[in-house]
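Student: sequence first, predicted model second:
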Amino acid sequence: MGIDVAVSTVAKYMPRRRKPASPTWRAFLENHLEDLVALDFFVVPTATFGVLFGLVVLAHDRRRVVHFNVTAHPTAEWTARQMIEAFPEETAPRFLVRDRDQIYGERFRETVDLLGMEEVVTAARSPWQNLYAERLIGSLRRECLDHVIVLDEVHLLGIVATVQDLRGAGDVGDLPWEVGLRVASFDLNVIHIKHEARLGP
């Protein structure tokens, strides 16, 4: 018809072919449920205005905590050592889900590779992709850590151990409200014992 039309205009109105849908993230998690563990850090302030970093390694199949540890100075070497402690003697699963934190440096990646695990890195600012670990950490915060003042690394380890004993080996869900009371009691006992040791008989 003698009318000049820009390529962008034609592209705008042309019907677009839909590409076949790729497997979703949820489908990946469901298909590899028994071969997946999740790894995540969380931060806990202390009574002396310090900061502790808790590391959780969680198996997806039973939603169980495989390994937990605490440090005030996380490094790639320390994190790599936690993976070796979590999966000794060829017990490592196929996939490891983690975020893009800089703590997972070269030393960590080499250790994971030696263990025969494949790293699955979540998208930036997408905590929902590591939903089981995030759910556990959120539960720990709501039912425990928001109600107690953590003294040091040993104290935080004791709190998490108490929570695990009370929870049992069930699904990672919200903890019952009694757990917060029991852990708060544990917290007060530790403070009382340290206070007595400092003042003497």
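Tutor: That came in fine, so what should we check first?
Student: which secondary structure element contains the residue most central in space within the chain?
Tutor: Central residue check for the chain by C-alpha atoms, centre = their mean: the C-alpha nearest the mean position is that of residue 40, 2.6 Å away. Per DSSP states H and E: residue 40 is located in strand 36-45.
Student: what lines up beside that strand in the sheet?
Tutor: Strand 36-45 has these partner strands in its sheet, going by DSSP bridges: strand 51-59 (antiparallel), strand 95-98 (parallel).
Student: list the buried ones in the longest one?
Tutor: For strand 51-59, burial by neighbour count (16 or more other C-beta atoms under 10 Å) applies to 52, 53, 54, 55, 56, 57, 58, 59. Where you see a C-beta, it was placed from the backbone N, CA and C, and this is true even at glycine.
Student: how about the helices in this structure?
Tutor: Secondary structure of the chain, counting by DSSP state H: helices at 7-13, 25-31, 76-86, 106-114, 131-140, 153-167, 177-199.
Student: contacts only, for the closest residue to residue 66 other than its chain neighbours.
Tutor: Nearest in space to residue 66, with sequence neighbours left out and distances taken as C-beta to C-beta, 6 or more residues apart in numbering, is residue 57 at 4.5 Å. Taking C-beta atoms under 8 Å, 6 or more residues apart in numbering as the contact definition, residue 57 lies against 37, 38, 39, 65, 66, 67, 68, 82, 83, 86.
Student: residues in contact with the residue lying closest to the residue nearest to the centre of the chain once chain neighbours are set aside?
Tutor: Using C-beta to C-beta, 6+ apart and skipping the chain neighbours, the partner closest in space to residue 40 is residue 133 (4.0 Å). The contact partners of residue 133, by C-beta under 8 Å, 6+ apart, come to 38, 39, 40, 56, 58, 97.
Student: pretty sure the second one contacts residue 54?
Tutor: If I follow you right, that is residue 39. No. Between residue 39 and residue 54 no contact is recorded; they are 11.7 Å apart, counting by C-beta atoms under 8 Å.
Student: how close does residue 54 get to residue 118?
Tutor: Counting by C-beta to C-beta, to the nearest Å, the gap from residue 54 to residue 118 is 25 Å.
Student: burial check on residue 28, number of neighbours?
Tutor: By the other C-beta atoms under 10 Å criterion, the neighbourhood of residue 28 contains 15 residues.
Student: ignore what I typed, I meant residue 82.
Tutor: Using other C-beta under 10 Å, residue 82 has 19 other residues around it.
Student: list the contacts for it?
Tutor: Listed by C-beta under 8 Å, 6+ apart, the contact partners of residue 82 are 55, 57, 67, 69.
Student: tell me the bridge partners for the third one.
Tutor: So the one you mean is residue 67. According to DSSP bridges, residue 57 are recorded as the beta-bridge partners of residue 67.
Student: quick one: contacts for it?
Tutor: By C-beta under 8 Å, 6+ apart, residue 67 lies in contact with 55, 56, 57, 82, 85, 86.
Student: how near is the residue lying closest to residue 44 once chain neighbours are set aside to residue 157?
Tutor: Distances taken as C-beta to C-beta, 6+ apart place residue 52 nearest to residue 44, at 4.7 Å, with adjacent residues excluded. Taking C-beta to C-beta as the measure, residue 52 falls 10 Å from residue 157.
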